[in-house]
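Chemist: sharing a model that was predicted from the sequence below.
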Amino acid sequence: MAPVEEFEVEQLSPVFAARIKGIDWTKPVKKETLSKIHSAFAKYSVLCFPNQILEAKHQENFAAQFGRADSAHRNPTRGNVKQGKKRGVMYVTNIRKDGKPIGSLPDGEMYFHSDGSHRANPYRATTLYGIDIPSRGGETLFADLRAAYDALSDEIKIKIDDMTACHIYDYGSTIRDQNKEIETNEEYPSALHQLVKTHPVSGRKALYLSRLMTRYIEGIDRAESDQLLNYLFDHAEKPEFIYSHKWTPDDLLIWDNRCVNHARNDFPKTERRLLRRYTVSEPDDNDMVDY
Ligand code: OGA
Ligand code: MN
């Protein structure tokens, strides 16, 4: 029997995220190796595989090792329509053709969020593959929501343990706009989630909230909700919980949306940024209605 592939794990921040060298995702990966990679994913929650030369099908196969790879082709339209946004591959890019973005999430800064938290069944994970990377800016920032949870006082932990929050996504926006009352508009997809979730694999508790998408906590008054959420957003974005990923072309990343938030730094409009994105859904998720 051929030996298990050897790979090297380099932790990228004191609390999470790791770079793994020695795997080629254009080739089948042995079962034993995969199982070690799954353990690393449960532990580090953000994995970077550098120097991957991947076609879309390779990335889809990679995504499929972590759950159900979403493979539909998404419509690049933006705007708050509930139709035409199939789960699946999309290009995250600022490249424009005839003045129109050819992909999604085109420009600038993006606030912290967890992909799909506006759905009842969010994405388990997201994979992103770097193709064209600007010379400066455009880093993807990751925040470890387990470390953030662990660092809360017992008083806050007890207070928020049974709370539920409403997550809403405005497809046209990459920053939070407090003044825009989007909650009552049915065009904006939304979902309720526990504020604290226990990870099904690691068993660790994590905060589940984000500045971009979490609008309010259920069952308490709005002023108290705003105050508590702002406290928690600031807490979860403290530098000690953050890893900033400076992209190199051919980096393949996967992150766990169940315990990690991500955001993006601004980058020059005059430079190309192009990444390919496949999401991973829960295998038993049959919520194929897409928005
Ligand atoms: C995403 C995303 C951030 C980035 O693809 O979901 O938030 O750095 N991308 O482009
Ligand atoms: Mn995202």
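Modeler: In hand now; what should we look at? Ligands and ions are numbered 1, 2, ... in the order given.
Chemist: every contact and neighbour count from this point should use C-alpha atoms.
Modeler: Fine.
Chemist: phi, psi for Glu55 please.
Modeler: phi -80, psi 170 (degrees, to the nearest 10).
Chemist: how much space between the residue in the stretch 51-200 of the chain that ligand 1 sits nearest to and Pro28?
Modeler: Using C-alpha to the nearest ligand atom, the point where the stretch 51-200 of the chain gets nearest to ligand 1 is Thr140, with a distance of 4.2 Å. Remark: distance between Thr140 and Pro28 (C-alpha to C-alpha, to the nearest Å) = 28 Å.
Chemist: test my guess that Phe16 contacts Cys48.
Modeler: No - when contacts are counted by C-alpha atoms under 8 Å, Phe16 is not listed as touching Cys48 (11.7 Å).
Chemist: any weak-confidence spans in this protein?
Modeler: Per-residue confidence for the chain (pLDDT under 70) gives these ranges: 1-4, 73-86, 178-179, 286-291.
Chemist: for it, which residues are neighbours of ligand 1?
Modeler: Counting by C-alpha under 6 Å from any ligand atom, the residues of the chain lying close to ligand 1 are Val92, Asp115, Thr140, Ala263, Arg264.
Chemist: coming back round to it: between Thr140 and Pro28, point out the one with more neighbours.
Modeler: For Thr140 versus Pro28, neighbours defined as other C-alpha atoms under 10 Å are more numerous around Thr140 (18 against 12).
Chemist: for that one, give me its contacts.
Modeler: For Thr140, the contacting residues are Ser244, His245, Lys246, Trp247, His262, Ala263, Arg264, Asn265, by C-alpha atoms under 8 Å, 6 or more residues apart in numbering.
Chemist: beta partners for the second one?
Modeler: Residues in a beta bridge with His245, per DSSP bridges, are Thr140.
Chemist: hang on, it packs against Arg136?
Modeler: No - between His245 and Arg136 no contact is recorded; they are 12.0 Å apart, counting by C-alpha under 8 Å.
Chemist: so for these two, which residue has more residues nearby?
Modeler: When His245 is set against Arg136 and neighbours are counted by other C-alpha under 10 Å, the residue ahead is His245, at 16 against 13.
Chemist: now do the helices in the stretch 51-200 of the chain.
Modeler: 56-64, 145-150, 154-160 (DSSP state H, counting those that start in this stretch).
Chemist: who are the packing partners of the longest one?
Modeler: Using 3 or more C-alpha pairs under 8 Å, 6 or more residues apart in numbering; DSSP states H and E as the contact test, the elements touching helix 56-64 are strand 68-69, strand 125-132, strand 274-281.
Chemist: what's the neighbour count on Lys97?
Modeler: Using other C-alpha under 10 Å, the number of residues around Lys97 comes to 9.
Chemist: contact partners for Asp197?
Modeler: Not quite, residue 197 is Lys, not Asp. Neighbouring residues of Lys197 by C-alpha under 8 Å, 6+ apart: Lys205, Ala206, Leu207, Tyr208, Arg258.
Chemist: again, only this time at 10 Å
Modeler: When contacts are counted by C-alpha atoms under 10 Å, 6 or more residues apart in numbering, Lys197 touches 145-146, 149, 161-162, 203-208, 258-259.
Chemist: which among those residues count as buried?
Modeler: Burial of these was assessed by neighbour count (16 or more other C-alpha atoms under 10 Å); the buried members are Leu145, Arg146, Tyr149, Arg204, Lys205, Ala206, Leu207, Tyr208, Arg258, Cys259.
Chemist: residues contacting the nearest residue to Tyr243 once chain neighbours are set aside?
Modeler: Spatially, and ignoring its direct neighbours in sequence, Tyr243 is nearest to Phe142 (5.2 Å; C-alpha to C-alpha, 6 or more residues apart in numbering). With contacts defined as C-alpha under 10 Å, 6+ apart, the neighbours of Phe142 are 16-17, 45-46, 112-113, 237, 241-245, 255, 260-264.
Chemist: those residues in strands, which ones?
Modeler: When DSSP state E defines the strands, the subset of these inside them is 46, 112-113, 242-245, 255, 260-264.
Chemist: highest neighbour count among these?
Modeler: Neighbours were tallied for each of the ones in strands among the contacts of Phe142 (criterion: other C-alpha under 10 Å), and the maximum of 32 neighbours falls on Val260.
Chemist: so who does that residue touch?
Modeler: With C-alpha under 10 Å, 6+ apart as the criterion, the residues that contact Val260 are 16-17, 44-46, 112-115, 125, 142-148, 206-210, 236, 241-242.
Chemist: and it, how close does it get to Asp150?
Modeler: With the distance defined as C-alpha to C-alpha, Val260 ends up 14 Å from Asp150.
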